[in-house]
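Q: here are the coordinates; sequence isn't available:
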């Protein structure tokens, strides 16, 4: 395929076929970026000519393909993909550079001395390849067999069950953070992820640790990073999450189809290839998607006792690729779930029992809530509102503490009420404004208007209950929004505004006066 006479005629189908594991039965992950690598076949054939041109020094070839300044000549065509090409063209001269090899060199204590930090890849590969040739000579074997040994050597003895030490640090393999909106579930999920990859307790994660979050994000195109994040939604599918057949624009503008691994398959493969490091997948809004449909057979595979290396290790044959697949024991799943949204279904029982559930409720004493704004005790105000919501509705539809973050003065508090808190209460109580008024302790931000002339005829016909009122939120220009007394009334029954509006009084909505 890669000979001088065949290379000019190399087709996309040929190259993709070479990358597929079911064809080469050796390198399990090099097909992942086949669509990107083969987007421009002319560019790929040119890159392969450079790679395989023995008239050029190896260092020069590698620097052009994988520049020391960063980036790649062909997107997705990295060392784990182009060194197998180099190997099959010159099987006695060049070995394969991949994650299993690096893992074994680290276990043998050779990596640090052999490869100083910031070594350009060309220099790194030349040194590693010399070592591979020495290994092959000393072991009296070929580079193909030697490469297959790394997969065995990196695995070591099968790991036992999750140790108590991991549980003591708060590292369940599967957990869901659930609670009302605004309780910091997504923020806490990223904190948990940082704690897991750093090997520290959750309460030991600092802001300095959090600044590393983006650098640790998993990049499917480069297979780097250890924290992946995805948000489930109603249209999210198994094909998006695990693997599926997806259309692509082929050469000449024709529509073709390709097997494309999803995010879970990618990070699971990366975790399996790096067993000494913990990986984390954050699934935000996990119950917004059709979870059984999205996970499919993963519902069984993610169970801790059925992870790879465990006593009840379980694998399945994936329906699209036909590959054998299992979930490694170093991949943690952290989900978040909003309990207030009744438009989404709860998790089914089979999935629920496979996750540890961590409830996250509003924290009125959170340090990011200001101690006092214009004489208003924001903490007491939040407690009072949530106590009434819990009595009138349930504890799962309270208001989270993050709604009061960044409230620094009466103006920002008024804006938060108008644009966030009152709309949320309207959603909770299905526009039952009389209950919303009770939740606010009589604070006059919601007013009732009489029916007026248009309602009298309806009452006479028996079509309208005379006690029914039309409720409206005060306009943004109303002076009550900037009156601290009105907010204090929410939590202190002894406070009187002195000018309370009766429900049968109609405000002048135009000028906002009582």
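A: That came through, no problem. Fair warning: this is a prediction, and the values are worked out from it, not measured in the lab.
Q: For stretch 100-108, list every residue counted as buried.
A: Across stretch 100-108, burial judged by 16 or more other C-beta atoms under 10 Å covers 100-105. Any C-beta I mention is one placed from the backbone N, CA and C, and that applies to glycine too.
Q: what's in contact with it?
A: 95, 111, 114, 128, 131-132, 147, 150-151, 153-154, 156, 273-276 (C-beta atoms under 8 Å, 6 or more residues apart in numbering).
Q: Which of the buried residues of stretch 100-108 fall in strands?
A: Using DSSP state E, no member of the buried residues of stretch 100-108 falls in strands.
Q: Name the member of those with the shortest distance to residue 436.
A: residue 103 (58.8 Å; C-beta to C-beta).
Q: tally of neighbours for residue 245?
A: 11 (other C-beta atoms under 10 Å).
Q: Are we agreed that it is in a helix?
A: No - under DSSP: H, G, I helix; E, B strand; the rest coil, residue 245 falls outside any helix and is assigned strand.
Q: so who does it touch?
A: By C-beta under 8 Å, 6+ apart, the neighbours of residue 245 are 239, 257-260, 320.
Q: Pick the one among those closest to residue 431.
A: Nearest to residue 431 among these, with distances taken as C-beta to C-beta, is residue 239, at 39.0 Å.
Q: which stretch of helix or strand covers the closest one?
A: helix 238-241 (DSSP states H and E).
Q: Determine the set of other helices and strands touching that helix.
A: Packing partners of helix 238-241 (3 or more C-beta pairs under 8 Å, 6 or more residues apart in numbering; DSSP states H and E): strand 243-249, helix 263-273, helix 291-295.
Q: got JSON lines for these, with mean pLDDT and distance to residue 197 too?
A: Shown next, in JSON lines, are the helices and strands packed on helix 238-241 (pLDDT from 0 to 100; distance: least, C-beta to C-beta, whole Å):
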{"stretch": "strand 243-249", "mean pLDDT": "83", "distance to residue 197": "25"}
{"stretch": "helix 263-273", "mean pLDDT": "90", "distance to residue 197": "11"}
{"stretch": "helix 291-295", "mean pLDDT": "88", "distance to residue 197": "23"}
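Q: Produce a PyMOL select command limited to the buried residues of the contacts of residue 245.
A: Buried residues within the contacts of residue 245, by 16+ other C-beta under 10 Å, are selected in PyMOL with:
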select buried, resi 258+259+260
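Q: Which ones among the contacts of residue 245 map onto strands?
A: 257-260.
Q: which one of those sits closest to residue 291?
A: residue 260 (21.2 Å).
Q: Excluding residues flanking it in the chain, which one is nearest that closest one?
A: residue 246 (4.5 Å; C-beta to C-beta, 6 or more residues apart in numbering).
Q: what does residue 173 give?
A: residue 304 (4.8 Å).
Q: For the helix or strand encompassing residue 381, enumerate the helices and strands it packs against.
A: Assigned by DSSP H and E, residue 381 falls within helix 378-392. The contact analysis (3+ C-beta pairs under 8 Å, 6+ apart) places helix 378-392 against helix 433-439.
Q: Which parts of the stretch 51-200 of the chain are helices?
A: 58-65, 79-89, 99-107, 111-114, 121-139, 143-155, 164-168, 185-198 (DSSP state H, counting those that start in this stretch).
Q: List the buried residues for the longest one?
A: Of the residues in helix 121-139, those with enough neighbours to count as buried (16+ other C-beta under 10 Å) are 121-122, 124-125, 128-129, 132-133, 136.
Q: try the second one
A: Applying a neighbour-count criterion of 16+ other C-beta under 10 Å, one finds 79-87, 89 buried in helix 79-89.
Q: which pair in those spans the largest distance?
A: 80 and 89, at 16.2 Å, using C-beta to C-beta across the buried residues of helix 79-89.
Q: distance of residue 269 from residue 51?
A: Per C-beta to C-beta, to the nearest Å, residue 269 is found 24 Å from residue 51.
Q: swap that for residue 234, sorry
A: Counting by C-beta to C-beta, the gap from residue 234 to residue 51 is 45 Å.
Q: ok, back up a step: name the residues of the helix holding residue 239 that come out as buried.
A: 238, 240-241.
Q: got a list of contacts for it?
A: 230, 244-246, 262-264, 293-296, 320.
Q: Over to stretch 297-307?
A: So stretch 297-307 is contacted by 161-162, 173-174, 242, 264, 292, 295, 310-316, 325-329, 333, 350-351, 354 (C-beta under 8 Å, 6+ apart).
Q: ok, residue 192 - how many residues close by?
A: So residue 192, with other C-beta under 10 Å, has 22 neighbours.
Q: contacting residues for it?
A: Counting by C-beta under 8 Å, 6+ apart, residue 192 has contacts 170, 175, 177, 202, 280, 334.
Q: Looking at the buried residues of helix 121-139, spot the one nearest residue 426.
A: residue 121 (57.7 Å).
Q: and whatever helix or strand comes next after the helix holding residue 381, what's its mean pLDDT?
A: On the C-terminal side of helix 378-392, the closest following helix or strand by DSSP H and E is helix 410-416. Regarding helix 410-416, the rounded mean pLDDT is 94.
Q: Buried by neighbour count: which residues of helix 410-416 qualify?
A: 410, 413-414, 416.
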